[in-house]
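Trainee: Fold the following for me, if possible:
(one chain, ligands or ions: 1)
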Amino acid sequence: MRRNEPDPLVPACRRPLWYRRDDMSDPQPLRFVVIGAGMSGILAAIRLEEAGYEDVSIYEKADRLGGTWRENTYPGIACDVPSHLYSYSFEPNPDWSHRYSPGDEIQAYLEDVARRRGVVGRIRFGAEIARCEHRDGRWLLETKDGVRDEADVVIGATGVLHHPNVPDLPGLADFGGAAFHSARWDHRVPLDGRRIGIIGTGSTAVQMTAALVHRVAKLSLFQRTAQWIAPQENPPYTAGEKATFARSPEQMRELRDVMSRMFADNFANALGDADSPQMRMIAEVCRANLENSVSDPVLREKLRPSYRAACKRLVVSPDFYQAIQRPNAELVTEAIERIERGGIRTKDGRLHELDVLVLATGFRTDRFLRPIEVVGRGGTRLDDVWAKRPSAYLSISIPDFPNLFLLNGPNGPVGNFSLIEVAELQFDYVLQLVEEIRTGRCRELSPTHAASDRFDADRVEAAKKTIWMTGCRSWYLDDRGVPAAWPWSFERFRERMAKPDFEAWERC
Ligand code: NAP
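Mentor: Just a heads-up that it's a prediction; the model follows:
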């Protein structure tokens, strides 16, 4: 039997005896469990309440909400999606300090929205879901501490860039100074006047380099692969602009729409076609940025990537090139041999002495709900279904896992769109599915195997044209080297999310 074929011994939909009612039209009070109190989980709780669902609990393993913005507190953290776009559409914020605001402002915004919208009272903090099992038409959930709960519908809002990728570098445990991953920043460690080493050259390392180089005695940036860097100005909003925004939320909404269109037209939509004029333009902008910003020809060549711009997730920065040219900064391109007590030994035999070592080495981007043990209909285990790689129909749901809906799940538009906008569109879709259950038209919904397989095949085919497949290593690529992200335009995503295609869904 192929992995995705249903087990003929297991009835497609099991309806429990207690559910057999004559009158299917009576509205049913549904219980929802949301897993994760980050940006998507907060969104889910707000939208469920707006839709009239009262029985909603959020399980959050940490003691604070915020997800990515709670966990990433490294110096220089900011979001490279414009703040008025990286906001809930229903909660525009007149107080954003910059066009691209820092991480702590985003965290404060999420906390403020969650508090004002009554979400905080629904969150069970310090409660990590360890197991979810679909049995007799309901989800049975259990936390790591053995607390049990039940739900009709589970919303998985566990994030994408969540599980740190800690590289298996020999000797890492022997390092004598402080060492931590960028998403586990240890704020007790002093940095001023010390020697700091950063491994990695992704968005995180680039932001951190620019923020730290002025403070430290020496900054060594260990580059395995050079990055194309697009310049990005980040002007602050003036007091006058903020006052105008506060007076006119409508103006903020218009700005959001303009930003969304510009972001999609000038960048995001073009990623799906490596030969598009926009991709050529981005390549030219990045090349000019490198040529015009880095004066030392040797350093310039070390910083020049050997692949096409935007093949990896594009890095944007107004000041990285300036930072790496400071006298106390060094770009180390020699490969790492091992970590020693005193620092990093590179393959040329040199020891780079360090007091602090930061692993800006990214995330394990194939985890999603895992390590939660999820058991679907007929005992189907998510670990088995996702053994090779994670997948989800329209990034939202998985055959044999009824009434389990993911926000920012596998194969969605990640990295190239505002994930808040993505989650909002996905949740509109999910609400329409849930409406089927609420009104009694069905009790369980999951995508058919056929629809899911077709979506996957189409996605893999479309991915061939994307810039992500033009020859680089990146976190977009799955174990086969196929981009695991949405390969089409944002319009197409918007259209697909507007209304469920019910023929793709098994209802029972
Ligand atoms: P990343 O883009 O995955 O970069 C990880 C870096 O670590 C790469 O340079 C990689 O080198 C290097 N690396 C990994 N393992 C290594 C090893 N064993 N030895 C040497 N180098 C190693 O991670 P990230 O910078 O944390 O960013 C992840 C994503 O988070 C971004 O792409 C972006 O979507 C998001 N992010 C966004 C913002 C924002 O402003 N919105 C800011 C930060 C992060 P290779 O390139 O050779 O693999």
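Trainee: Now name the helix or strand holding residue 133.
Mentor: strand 129-135 (DSSP states H and E).
Trainee: likewise residue 323?
Mentor: Applying DSSP H and E as the criterion places residue 323 in helix 320-324.
Trainee: Can you give the distance of the next helix-or-strand element following that helix from its chain's centre?
Mentor: Helices and strands here follow DSSP H and E; after helix 320-324, the next one along the chain is strand 329-332. Averaging C-alpha positions (C-alpha atoms, centre = their mean, to the nearest Å) puts strand 329-332 29 Å from its chain's average.
Trainee: Show me what strand 329-332 is in contact with.
Mentor: Identification of contacts with strand 329-332 by C-beta atoms under 8 Å, 6 or more residues apart in numbering yields 209, 213, 218-223, 299, 302-303, 323-324, 344, 346, 352. Using the backbone N, CA and C atoms, a C-beta is placed for each residue, glycine as well.
Trainee: just to revisit the earlier point, partner strands of the strand holding residue 133, parallel or antiparallel?
Mentor: According to DSSP bridges, strand 129-135 has the following sheet partners: strand 138-143 (antiparallel), strand 373-375 (parallel).
Trainee: coming back round to it: please list the members of the contacts of strand 329-332 that lie in strands.
Mentor: Using DSSP state E, the subset of those located in strands is 218-222, 344, 346, 352.
Trainee: now those as a markdown table including neighbour count?
Mentor: Shown next, in a markdown table, are the ones in strands among the contacts of strand 329-332 (neighbours: other C-beta atoms under 10 Å):
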| residue | neighbour count |
| --- | --- |
| 218 | 18 |
| 219 | 26 |
| 220 | 22 |
| 221 | 26 |
| 222 | 25 |
| 344 | 25 |
| 346 | 18 |
| 352 | 20 |
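Trainee: Give me the below-cutoff pLDDT ranges for the protein.
Mentor: By pLDDT under 70, the weakly predicted segments of the chain are 1-28, 415-416.
Trainee: which bits of it sit near the ligand?
Mentor: Residues of the chain lying near the ligand by C-beta under 6 Å from any ligand atom: 78-80, 161, 167, 169, 182, 199-205, 207, 224-225, 313, 336, 360-363, 415, 473, 475.
Trainee: Strands - which of those residues land there?
Mentor: Under the assignment DSSP E, the residues of the chain next to the ligand contribute 199, 336, 363 to strands.
Trainee: quick check, nearest of those residues to residue 128?
Mentor: Closest approach to residue 128 among those (C-beta to C-beta): residue 363, at 18.2 Å.
Trainee: how far away is that closest one from residue 475?
Mentor: The gap separating residue 363 from residue 475 is 7 Å, by C-beta to C-beta, to the nearest Å.
Trainee: And the residue nearest the centre of the chain, how close does it get to residue 76?
Mentor: Using C-alpha atoms, centre = their mean, the residue of the chain that lies closest to the mean C-alpha position is residue 160, 3.7 Å off. Taking C-beta to C-beta as the measure, residue 160 falls 21 Å from residue 76.
Trainee: next one: residue 471
Mentor: Counting by C-beta to C-beta, the separation of residue 471 from residue 76 is 30 Å.
Trainee: Comparing those two, which shows the higher neighbour count?
Mentor: Neighbour count, other C-beta atoms under 10 Å: between residue 471 and residue 76, residue 76 has more, with 20 against 10.
Trainee: That one belongs to a helix, doesn't it?
Mentor: No. With DSSP: H, G, I helix; E, B strand; the rest coil as the criterion, residue 76 is coil rather than part of a helix.
Trainee: Please enumerate the helices of this protein.
Mentor: Listed in chain order, the helices found in the chain under DSSP state H are 39-50, 68-71, 103-116, 203-212, 239-247, 249-266, 277-293, 297-302, 320-324, 382-385, 419-438, 449-463, 490-498.
Trainee: want to throw those into TSV with distance to residue 391?
Mentor: Output for the helices of the chain, formatted as TSV (distance: least, C-beta to C-beta, whole Å):
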stretch	distance to residue 391
helix 39-50	19
helix 68-71	22
helix 103-116	29
helix 203-212	25
helix 239-247	40
helix 249-266	24
helix 277-293	26
helix 297-302	38
helix 320-324	35
helix 382-385	8
helix 419-438	16
helix 449-463	6
helix 490-498	16
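Trainee: for the ones you listed, which one sits closest to residue 140?
Mentor: Closest approach to residue 140 among those (C-beta to C-beta): helix 382-385, 14.6 Å.
Trainee: List the contacts of that closest one.
Mentor: With C-beta under 8 Å, 6+ apart as the test, helix 382-385 has contacts from 3-4, 369-370, 373-376, 398, 400-401.
Trainee: Identify the farthest-apart pair in those.
Mentor: Longest distance between any two of those is 20.0 Å, between 4 and 373; criterion C-beta to C-beta.
Trainee: can I see the domain layout of this protein?
Mentor: Following automatic domain parsing, one gets these domains for the chain: 28-163+364-507, 172-233+274-359.
Trainee: right, so these: which one is the most enclosed?
Mentor: Stretch with highest mean neighbour count among these: domain 28-163+364-507 (a mean of 20; mean count of other C-beta atoms under 10 Å).
Trainee: Next up, the contacts around the closest residue to residue 69 other than its chain neighbours.
Mentor: Closest residue to residue 69 apart from its sequence neighbours, by C-beta to C-beta, 6 or more residues apart in numbering: residue 107 at 4.1 Å. By C-beta under 8 Å, 6+ apart, residue 107 lies in contact with 66, 69-70.
Trainee: do residue 400 as well
Mentor: Applying C-beta under 8 Å, 6+ apart to residue 400 gives the contacts 6, 376-378, 380, 385, 446.
Trainee: For the closest residue to residue 130 other than its chain neighbours, give me its contacts.
Mentor: Among residues not flanking residue 130 along the chain, residue 144 sits closest, at 4.5 Å (C-beta to C-beta, 6+ apart). Residue 144 is in contact with 61, 127-130, counting by C-beta under 8 Å, 6+ apart.
Trainee: With residue 320 instead?
Mentor: For residue 320, the contact set (C-beta under 8 Å, 6+ apart) comprises 206, 209-210, 229.
Trainee: What of residue 210?
Mentor: Taking C-beta under 8 Å, 6+ apart, one finds 76, 317-320, 322-323 in contact with residue 210.
Trainee: and with 6 Å instead?
Mentor: Neighbour list for residue 210: 76, 319-320, 323 [criterion: C-beta atoms under 6 Å, 6 or more residues apart in numbering].
Trainee: Okay then, goodbye and thanks.
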